[in-house]
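**Q** make a model of this:
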Amino acid sequence: LTMRADAFLTDDYQPSDYAWMDVTDSVVDVIIGPIETYEDRLFGYKAGFEAYVLVKDLEWSERLAIYAETLPALQRGLPVADEYKAEEPGAEAQLNAYDIVYYAGHSNAGSKTIAVNLPNDEEVQLEKGTRRSQLK
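**A** Residues are numbered from 1 along each chain as shown. Predicted coordinates:
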């Protein structure tokens, strides 16, 4: 959270994305910052600030673990040319289920999402994978 707070001041979110991906054993998760660019219909550059406070559903997350383990093999087996499978996603991809305790900002506007796949930074994704969070 301290690194994310620093990112608000510097506009450099990548270090805090890497650190967030390293936190794998916490029952409480926080997603906060300028995340999605859906509302910028001109160029798709401006991200809306949003926040989630989540509590991991340990039982459901354990059930989902088999899918996270299987994803790299599924990607390798896709029926497309090898050139489209050149990028190997990070092996540390996570898939968990969470109860939502708090929504704020862009995530609280309109309908609520049922899942998030973060971070959006492609360099972080290739090195660390992503955290796929199923929200309930």
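**Q** and the contacts of the longest strand along the chain?
**A** In the chain, assigned by DSSP state E, the strand with the most residues is strand 94-105. Strand 94-105 is touched from outside by 21, 24, 29, 48-57, 60-61, 63-65, 67-68, 71, 112, 129-136, with contacts defined as C-beta atoms under 8 Å, 6 or more residues apart in numbering. Every residue, glycine included, has its C-beta placed from N, CA and C.
**Q** and the residue of the chain most remote from its centre, how far from Leu74?
**A** Seen from the C-alpha centroid of the chain, the residue lying at the greatest distance (C-alpha atoms, centre = their mean) is Ala81, 27.2 Å away. Using C-beta to C-beta, to the nearest Å, Ala81 is found at 17 Å from Leu74.
**Q** so which residues of this protein form strands?
**A** 28-36, 48-56, 94-105, 115-118, 131-135.
**Q** let me know the angle separating the second one from strand 131-135.
**A** Which is strand 48-56. If you take axes from the mean of the first three to the mean of the last three C-alpha atoms, to 10 degrees, strand 48-56 sits at 80 degrees to strand 131-135.
**Q** other SSEs contacting strand 48-56?
**A** Strand 48-56 sits against strand 28-36, strand 94-105, strand 131-135, with contacts defined as 3 or more C-beta pairs under 8 Å, 6 or more residues apart in numbering; DSSP states H and E.
**Q** do that again at 6 Å, thanks
**A** Judged by 3 or more C-beta pairs under 6 Å, 6 or more residues apart in numbering; DSSP states H and E, strand 48-56 is in contact with strand 28-36, strand 94-105.
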